[in-house]
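# Kindly return the folded structure for what I paste below:
(one chain, ligands or ions: 1)
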Amino acid sequence: MPCIEEMAMRFDLLTIFPEFFQGPLDHGIIRRAREAGIIHVHVQDLREFTKDRHRTVDDRPFGGGEGMVLKPEPLFEAVESLLGRSLGDASTPHAPDPHTAIVLMSAAGKLFHQGMARRYSQLRRIILICGRYEGVDERVAEHLATEEVSIGDFVLSGGELPAMLVMDAVVRLLPGALGNEASSQNESFSASFSAVKPSSAVVREPTGARGTLLDFPHYTRPADYRGWKVPEILVGGNHAEVTKWRQHKAMEKTRRNRPDLLSQE
Ligand code: SAH
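Okay, here's the model as predicted:
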């Protein structure tokens, strides 16, 4: 029998602000998944891999310009230490392990989406590299990270929130992480648009979330709140009608808020 630690999916968060993760790792589904041994999380302080007295992780950019850039040495050495093996050099690069993703959080990366979360949830291990300042020496993106990932078209001040966001999206897809197994199968970006409208020839993954629908609207008690009533059909108890209504509303909401998901371009 493999021990729990071996079965757990492992996350390593590489950061200059290890304390940043104290709140996010200690609440809700992520906390439960840790406690249940579904995931194992290690927060690695990048500064442990510096060699000078000031524990320097950054330096000025070649070519001039504003700000500072995270140096390659501490990042390469930290990841190699986490993996327990060398990644080689320009003349003898070592092949990556297909069960491990080394993800550089970057505004200039590929856009994160539910399909990516699903792919990551099949892995044994994810190392999330959090940038700071003006970013990270490009050799990290080219020769250390297996992928460079952005969480959206905006610039944040660090990769810690993006890493946490990616981790959250992945963890809730792991078997046993959600109390109710059904809940991750029936939400935004899970149902195929073509399942609702079979005649359509919409392309699904890997193009992103395109071809999927947003969630349908949810209601709970009271049935009448300040005169805003819950739609009659949901109170009626006709399951077939409810399903039809939900599909219709999911489509309507997708068309209104995210028409790009339905476009065939
Ligand atoms: N100069 C960079 C921004 C650096 S922001 C640029 O223009 O693209 C500092 C760090 O924050 C980045 O290295 C990255 O790790 C993180 N970051 C900022 N925005 C992000 C986003 N949208 N997605 C993922 N990481 C992001």
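# Report the central residue of the protein.
Val166 (1.8 Å; Cα atoms, centre = their mean).
# which ones are touching that residue?
103, 105, 112, 117, 120, 126, 128, 149, 151 (Cβ atoms under 8 Å, 6 or more residues apart in numbering). From N, CA and C alone the C-beta is placed, and that goes for glycine too.
# let's see 6 Å
Applying Cβ atoms under 6 Å, 6 or more residues apart in numbering to Val166 gives no contacts.
# Which strand or helix spans it?
Assessed by DSSP states H and E, Val166 sits inside helix 160-171.
# What count of nearby residues applies to Ile151?
When neighbours are counted by other Cβ atoms under 10 Å, Ile151 registers 21.
# Find the closest residue to the ligand in the stretch 51-200 of the chain.
Nearest residue of the stretch 51-200 of the chain to the ligand (Cβ to the nearest ligand atom) works out as Gly131 at 2.1 Å.
# Wait, that residue touches Gly159, no?
Yes - taking contacts as Cβ atoms under 6 Å, Gly131 lies within contact range of Gly159: 4.5 Å.
# returning to that earlier point: spit out the contact partners of the residue of the stretch 51-200 of the chain closest to the ligand.
105, 159.
# Which residue ranges of the stretch 101-250 of the chain form strands?
125-129, 147-150, 224-225, 228-229 (DSSP state E, counting those that start in this stretch).
# Tell me which of these sits most buried.
For the strands of the stretch 101-250 of the chain, average neighbour numbers computed from mean count of other Cβ atoms under 10 Å are highest in strand 125-129, which has a mean of 23.
# Now list whatever residues contact both of Gly131 and Gly159.
Met105.
# picking up where we left off before, redo the strands of the stretch 101-250 of the chain as CSV? Include distance to Gly37 and mean pLDDT.
Formatted as CSV, these follow (distance: least, Cβ to Cβ, whole Å; pLDDT from 0 to 100):
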stretch, distance to Gly37, mean pLDDT
strand 125-129, 15, 98
strand 147-150, 26, 98
strand 224-225, 41, 98
strand 228-229, 44, 98
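# thinking again about what came up before, keeping just the C-alphas, turn the helix holding Val166 into PDB.
The C-alpha coordinates for helix 160-171 follow below in PDB (Å, rounded to 0.1, in the frame of the first residue of the first chain):
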ATOM      1  CA  GLU A 160       1.400  34.300  -5.400                       C
ATOM      2  CA  LEU A 161      -2.300  35.100  -6.000                       C
ATOM      3  CA  PRO A 162      -2.200  33.600  -9.500                       C
ATOM      4  CA  ALA A 163      -0.500  30.400  -8.200                       C
ATOM      5  CA  MET A 164      -3.100  30.100  -5.500                       C
ATOM      6  CA  LEU A 165      -5.900  30.600  -8.000                       C
ATOM      7  CA  VAL A 166      -4.500  27.800 -10.300                       C
ATOM      8  CA  MET A 167      -4.100  25.500  -7.300                       C
ATOM      9  CA  ASP A 168      -7.600  26.100  -6.100                       C
ATOM     10  CA  ALA A 169      -9.100  25.400  -9.600                       C
ATOM     11  CA  VAL A 170      -7.100  22.100  -9.700                       C
ATOM     12  CA  VAL A 171      -7.700  20.900  -6.200                       C
END
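# Test my guess that Val57 contacts Glu73.
No - Val57 is not in contact with Glu73 according to Cβ under 6 Å; the separation is 9.2 Å.
# Any idea which of the strands of the stretch 101-250 of the chain gets closest to Met7?
Closest approach to Met7 among the strands of the stretch 101-250 of the chain (Cβ to Cβ): strand 125-129, 12.2 Å.
# for Ala117, what are its contacts?
Going by Cβ under 6 Å, 6+ apart, Ala117 touches 169-170.
# Need the pLDDT of it.
Per-residue confidence (pLDDT) for Ala117: 98.
# and the gap between Gly208 and the ligand?
Relative to the ligand, Gly208 is positioned 15 Å away (criterion: Cβ to the nearest ligand atom, to the nearest Å).
# Please verify my assumption that that residue contacts Met116.
No - if you go by Cβ under 6 Å, Gly208 and Met116 don't touch, sitting 8.6 Å apart.
# Between these two, which has more neighbouring residues?
Legend: neighbour count by other Cβ under 10 Å for Gly208 and Met116, higher for Met116 (22 against 19).
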